[in-house]
Every structure is written in structure tokens, then in C-alpha cells.
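K.L.:
For reference, the sequence and a predicted model appear below.
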Amino acid sequence: MLIANIVGLATIALIIWWFWLYKPEAKNALKTDVEVIVKDGVYSPALINVPTGKPIQLRFTRLDESPCAEMLLIPELEISEQLLVNKETEIVLPALTIGEYKFHCQMNMYKGLIRAI
Ligand SMILES: [Cu+2]
């Protein structure tokens, strides 16, 4: 009886650890807050790896005066934001599922990719 209780408790402890306490390290290393610079026709970084299941803040700083850089679109997430020159624009993404989400300017010349992993 005592042994059964100990085994039961150990199993519960393992389940709690696995589901609530254990976080794979690769996921911890992914940032939920990412700065992106828009300059000279490119986003940098243009490839952004983010964790799934958490809201993500993207902070775009547009240093590029070209009107081409003005709008930022993420079609899959129905996001469209105006970026002001020399200002930071914060875009909050909802918790994502695994996948790739393209972002680009309104003419699809500046391109980037958000990869939720
Ligand atoms: Cu453009």
C-alpha cells in the first residue's frame, strides 16, 4: 500500500514536471520581443524565428524614407501597419502555431519571414 502511494506520487510529480515545469532549451532561447530595422530596401533581420503559443512583439524601426517602406503587411495574420520614418512601431502578433508567416511592404519588394517553431 505504501509503495503504491509512493509510486503514485512519483508519477504525479513526473507529470507535473513534464507538462508544467520542463521547457525545452531551444524554445527558451527564442525571443518573444524582436527588433527589426527597415533600411536600404531590406528588413533586418529578414528571417525571424519565434516560439509558438506566445504573443510576439515585433518592434519595427523604419530608417528608410522610401515610400515603399511605409506599410508593413503580414497577410496570413491580417496585419497591416503604417511604419513612420525614424520611429519605432510595435506590432503584436497573436500566439502562433507552427508555420511560416511572410511579411512585406505593400508592393512586395521588401520581404521577410517569421518562422514559428
Ligand atoms: Cu514596397
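P.N.:
Sure, I can see it. Numbers count the residues shown, from 1 in each chain.
K.L.:
Can you tell me the element residue 8 falls in?
P.N.:
helix 2-16 (DSSP states H and E).
K.L.:
residue ranges with poor pLDDT in this structure?
P.N.:
For the chain, applying pLDDT under 70 flags the ranges 3, 6, 12, 15-16, 19, 22-28.
K.L.:
That one: helices as residue ranges?
P.N.:
Listed from the start of the chain, the chain has helices (DSSP state H) covering 2-16, 25-29.
K.L.:
Up against the ion, what does this protein have?
P.N.:
For the chain, the contact set with the ion under CB under 5 Å from the ion comprises 68, 105, 107, 109. The way it works is simple: take the backbone N, C-alpha and C, and place the C-beta from them, glycine included.
K.L.:
so can I have CSV of the residues you listed showing distance to residue 36 and neighbour count?
P.N.:
Supplementary listing: these in CSV, determined by distance: CB to CB, whole Å; neighbours: other CB atoms under 10 Å:
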residue, distance to residue 36, neighbour count
68, 16, 15
105, 13, 22
107, 18, 11
109, 16, 12
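K.L.:
Pick the one among those residues closest to residue 59.
P.N.:
When the residues of the chain next to the ion are compared for distance to residue 59, the smallest value, 17.1 Å, is given by residue 105; criterion: CB to CB.
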